[in-house]
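model the structure of this input:
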Amino acid sequence: MDLRGQEIKNTYGNVVTVGSSAGAPTTGELTNGQNTSFTSTYLGGNFGIGSAPTAYGSLNVLGIGSAASAGGAIIDIVGTSGRLASIYTEASGKLVLTADPTNAQASSALEFNVDGSNAMFIDSSLRVGIGTTSGTSKANILSPTVAQTVLTLEGNYASSGSVELLEFNRSGGAVSGAIKYQDADTSMSIGTTTSHAFIFNTADAERMRITSTGNVGIGTSSPNLSGGSSGSTILTVSASSASRNGILELNGTRSTENDYVAYVRMFNNGAATPVADIAAIRGASDTTGSLTISTSNSERMRINSTGQVLIGTSNAQSGTKLQVAGVFDVWSSSNTLLRSRHDGTLGLIQAYTGGAAANIGINTEGGNVGIGTTSPSQTLHVSGSARITGAIYDSNNAAGTSGQVLSSTGTGTDWVSLSEISGVDGTGTANYISKWSDTDTITNSQIQDDGTTVGIGQAPSTAKLTVSGDIQTAAPETTTASAWKLGNVGLGGVFVGAADYVTVSVGGLVVKLPIAIFLRTQDYYDRVIADGGTFEGLLGYESAVTILKAE
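Sure thing, here's the model as predicted:
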């Protein structure tokens with residue numbers, strides 16, 4: 001330290017004038033230990049250089065020359081190679097500590113030590129090290145103690161306000177980011193403060209991006225791939241290369257069957273009830289389970305571990321791939337639907353157009369339909385009985401008329417009259433029962449049926465059966481059997497009322513018969529009497545009776 005030309009005053013009022021010439025010191029001069037007359041100098045009390053000493057420090061320095069004109073004071077540390085460092089203050093009150101102020105050294109550094117250890121280091125490239133003297137960044141911090149917090153940022157804040165603990169800026173400030181504390185909800189945030197994306201990297205490669213509009217992309221720098229005009233995609237997961245898949249994994253820790261493993265829940269406007277849920281439910285093991293889709297907290301569809309799809313129920317029936325509890329509709333663009341449902345008694349398949357019943361086509365593109373069979377051989381194959389309560393239409397889409405028969409044409413069917421059937425002809429009259437008059441001719445028989453009564457040989461009357469002429473049975477049988485039947489009896493005369501009857505008792509069997517039936521032969525009359533039978537109301541065999549013969 002060169003004090004030549006300076007006055008040194010102590011607090012006792014002593015003044016020492018330091019010589020101004022170079023070389024060997026003269027009487028009254030002080031040097032830095034190179035004086036041949038003095039090996040050391042002790043000055044007691046506080047001293048001032050260029051000014052009177054003060055009570056604030058042991059040494060007070062007032063700058064002169066160029067430094068004084070700048071309002072500052074300079075202390076230079078000089079070595080054999082020149083000025084090594086300087087300390088000075090500016091008029092603004094700023095203290096400047098400079099290493100190699102003349103830039104005479106090839107490289108220089110400024111180091112602050114505490115207890116013999118480096119506390120801070122500034123090298124010639126203006127890189128700062130805290131706890132280290134090496135580093136490639138502008139600021140390098142090394143914690144010498146294991147598990148010790150490296151950097152703590154603490155800021156003051158107003159109630160419900162916020163404070164930026166750390167701010168990041170691009171040169172010029174057009175792009176900025178910050179770590180903030182939000183007191184309103186006691187939260188910490190990190191991200192950009194300007195309208196720019198925030199990116200997360202690993203291995204110096206982008207892995208996730210949050211755009212300035214809030215869309216999140218994983219594996220893509222362009223989330224919102226759909227670009228819908230009514231909204232934006234909030235999360236986009238994309239493969240990072242052509243050989244990879246886009247996968248979103250949710251891992252639960254459940255161990256009980258039917259526990260919910262993972263959820264994707266969708267809400268609107270912060271409502272407490274989700275609009276929709278997609279959930280995974282644990283099965284009997286960690287690798288089995290079901291996928292459910294719910295709306296308004298109610299399950300609507302489930303795909304179980306065997307691949308069965310259940311709609312409106314969670315109870316699967318064996319052997320089904322699709323099970324719907326309720327009405328199952330299939331709609332078309334023309335407002336036509338095919339409906340399948342069960343009305344509690346039987347299953348129904350119906351078609352509607354605009355709410356009105358419509359036609360249904362089965363296998364319209366080809367193929368056979370089987371009812372009661374799994375191997376239909378024709379377009380419609382019914383294994384079992386079939387009941388038709390309406391008309392049957394032929395190949396001409398005609399239902400035919402009364403009296404016609406359905407005839408095969410070889411390639412279809414046709415309703416035809418009997419006269420149209422090959423090899424058969426003849427005529428008939430209404431209410432007459434037909435008969436074959438020869439091998440290929442149909443004509444009227446003697447029997448007429450008006451739908452209420454029957455007449456033989458004449459038109460029906462008021463009786464159920466009216467016969468014009470006699471009725472003859474087979475030849476009489478012996479009377480040795482145990483029961484009786486009608487035999488060798490003819491009809492004659494006219495029918496009389498139901499009250500006009502006789503009672504015949506044969507072998508304990510009592511039968512009341514119309515008087516219009518009368519015995520033809522004395523032989524039958526005698527047989528009844530011989531077998532212990534009786535005729536009540538008869539004068540003889542000429543009276544009305546029916547003979548019951550055992551067989």
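
from now on I want contacts and neighbour counts done on CA atoms only, so please keep to that.
OK.

who's in contact with Thr194?
Residues near Thr194 by Cα atoms under 8 Å, 6 or more residues apart in numbering: 174-177.

cool, and Ser407?
Shown in contact with Ser407 (Cα under 8 Å, 6+ apart): 413-416.

that older thread, now intersect the contacts of Thr194 with the strands, please.
176-177 (DSSP state E).

highest neighbour count among the contacts of Thr194?
Gly177 (20 neighbours; other Cα atoms under 10 Å).

ok, that residue to Phe200 distance?
Applying Cα to Cα, to the nearest Å, the value for Gly177 to Phe200 is 14 Å.

repeat that for Glu420.
Per Cα to Cα, Glu420 is found 92 Å from Phe200.

same thing with Asp329?
48 Å.

more neighbours, those two?
Asp329 (16 against 12).

please, which helix or strand holds Phe181?
In this structure residue 181 is Tyr, not Phe. Per DSSP states H and E: Tyr181 is located in strand 176-182.

could you dump that strand to CSV, C-alpha only?
Output of strand 176-182 as CSV, limited to C-alpha atoms (Å, rounded to 0.1, in the frame of the first residue of the first chain):
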residue,chain,number,x,y,z
SER,A,176,-40.9,-14.9,-19.0
GLY,A,177,-41.5,-17.5,-16.4
ALA,A,178,-41.7,-17.7,-12.6
ILE,A,179,-42.2,-19.7,-9.5
LYS,A,180,-45.0,-18.1,-7.5
TYR,A,181,-46.7,-18.4,-4.1
GLN,A,182,-50.5,-17.7,-4.2
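
quick one: list the elements packing against it.
When contacts are defined as 3 or more Cα pairs under 8 Å, 6 or more residues apart in numbering; DSSP states H and E, strand 176-182 packs onto strand 162-169, strand 187-192.

starting from that strand, tell me which strands it pairs with and how they run.
With DSSP bridges as the test, strand 176-182 is paired with strand 162-169 (antiparallel), strand 187-192 (antiparallel).

what residue lies at the spatial centre of the chain?
Nearest residue to the geometric centre of the chain (Cα atoms, centre = their mean): Ile293, 4.1 Å.

hmm, Arg300 and that residue touching each other?
Yes - under the criterion of Cα atoms under 8 Å, Ile293 makes contact with Arg300 at 5.9 Å.

who touches the residue nearest to Thr320 when sequence neighbours are not counted in this structure?
Among residues not flanking Thr320 along the chain, Gln308 sits closest, at 6.7 Å (Cα to Cα, 6 or more residues apart in numbering). By Cα under 8 Å, 6+ apart, the contact list for Gln308 reads 316, 320-323.

what subset of those residues is buried?
With burial judged by 16 or more other Cα atoms under 10 Å, the buried subset of those is 316, 323.

secondary structure, distance to Leu406 and pLDDT for the contacts of Gln308 - can I get that in CSV?
Listed next are these as CSV, based on DSSP: H, G, I helix; E, B strand; the rest coil; distance: Cα to Cα, whole Å; pLDDT from 0 to 100:
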residue, secondary structure, distance to Leu406, pLDDT
Ala316, coil, 48, 91
Thr320, coil, 42, 90
Lys321, coil, 43, 93
Leu322, strand, 42, 93
Gln323, strand, 43, 92
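
mind putting the contacts of Gln308 into JSON lines with distance to Ser407?
Conversion of those to JSON lines gives the following (distance: Cα to Cα, whole Å):
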{"residue": "Ala316", "distance to Ser407": "49"}
{"residue": "Thr320", "distance to Ser407": "43"}
{"residue": "Lys321", "distance to Ser407": "44"}
{"residue": "Leu322", "distance to Ser407": "44"}
{"residue": "Gln323", "distance to Ser407": "44"}
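
for Ala325, give me its contacts.
Residues in contact with Ala325 (Cα under 8 Å, 6+ apart) are 311-313.

and the gap between it and Leu291?
Separation of Ala325 from Leu291 (Cα to Cα): 18 Å.

so where's the stretch 51-200 of the chain shaky on pLDDT?
Residues of the stretch 51-200 of the chain meeting the criterion pLDDT under 70: 62-73.

quick one, strands of the stretch 251-400 of the chain?
Remark: strands assigned in the stretch 251-400 of the chain by DSSP state E, counting those that start in this stretch are 260-266, 276-282, 289-295, 298-303, 309-311, 322-324, 328-331, 336-342, 347-353, 356-357, 369-371, 380-382.

er, the stretch 101-250 of the chain actually
Going by DSSP E, counting those that start in this stretch, the stretch 101-250 of the chain shows strands at 110-114, 117-122, 128-130, 139-141, 162-169, 176-182, 187-192, 198-202, 205-210, 216-218, 235-237.

may I see those organised as JSON lines, with distance to Ala284 added?
Output for the strands of the stretch 101-250 of the chain, formatted as JSON lines (distance: least, Cα to Cα, whole Å):
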{"stretch": "strand 110-114", "distance to Ala284": "65"}
{"stretch": "strand 117-122", "distance to Ala284": "61"}
{"stretch": "strand 128-130", "distance to Ala284": "57"}
{"stretch": "strand 139-141", "distance to Ala284": "53"}
{"stretch": "strand 162-169", "distance to Ala284": "50"}
{"stretch": "strand 176-182", "distance to Ala284": "46"}
{"stretch": "strand 187-192", "distance to Ala284": "41"}
{"stretch": "strand 198-202", "distance to Ala284": "38"}
{"stretch": "strand 205-210", "distance to Ala284": "36"}
{"stretch": "strand 216-218", "distance to Ala284": "33"}
{"stretch": "strand 235-237", "distance to Ala284": "30"}
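
how close does Pro144 sit to Ala262?
Counting by Cα to Cα, the gap from Pro144 to Ala262 is 43 Å.

the more surrounded of the two?
Using other Cα under 10 Å as the criterion, Pro144 and Ala262 rank with Ala262 on top: 18 against 10.

returning to that earlier point: okay, the strands paired with strand 176-182 in CSV with distance to Tyr181 and mean neighbour count next?
CSV is the format used below for those (distance: least, Cα to Cα, whole Å; neighbours: other Cα atoms under 10 Å):
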stretch, distance to Tyr181, mean neighbour count
strand 162-169, 5, 16
strand 187-192, 5, 15
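
just send the ones you listed back as TSV, with distance to Val467 too.
Supplementary listing: the strands paired with strand 176-182 in TSV, determined by distance: least, Cα to Cα, whole Å:
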stretch	distance to Val467
strand 162-169	119
strand 187-192	113
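
show me where the stretch 351-500 of the chain dips below the pLDDT cut-off.
For the stretch 351-500 of the chain (pLDDT under 70), the answer is 423-426, 470-500.

list the contacts of the closest residue to Gly135 other than its chain neighbours.
Leaving aside its chain neighbours, Gly135 sits nearest to Gly129 (6.9 Å; criterion: Cα to Cα, 6+ apart). Contact analysis of Gly129 by Cα under 8 Å, 6+ apart lists 120-122, 135, 139-142.

which of these sit farthest apart?
Ile122 and Leu142 (14.1 Å; Cα to Cα).

those two: who's more crowded?
Higher neighbour count among Ile122 and Leu142: Ile122, with 21 against 16, using other Cα under 10 Å.

start and end of stretch 438-458, how far apart?
For stretch 438-458, the end-to-end distance is 23 Å (Cα to Cα).

and stretch 396-414, by the same measure?
Terminal residues of stretch 396-414 lie 7 Å apart, using Cα to Cα.

and stretch 285-297, by the same measure?
26 Å.

in it, which residues are buried?
For stretch 285-297, burial by neighbour count (16+ other Cα under 10 Å) applies to 289-295.

tell me the spacing between Asn431 and Asp438.
On the measure of Cα to Cα, Asn431 and Asp438 end up 21 Å apart.

just to revisit the earlier point, would you turn the contacts of Thr194 into TSV with distance to Glu90?
Below are those laid out as TSV (distance: Cα to Cα, whole Å):
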residue	distance to Glu90
Ala174	33
Val175	34
Ser176	33
Gly177	34
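
farthest pair in the contacts of Thr194?
Pairwise distances across the contacts of Thr194 (Cα to Cα) peak at 10.2 Å, for the pair Ala174 and Gly177.
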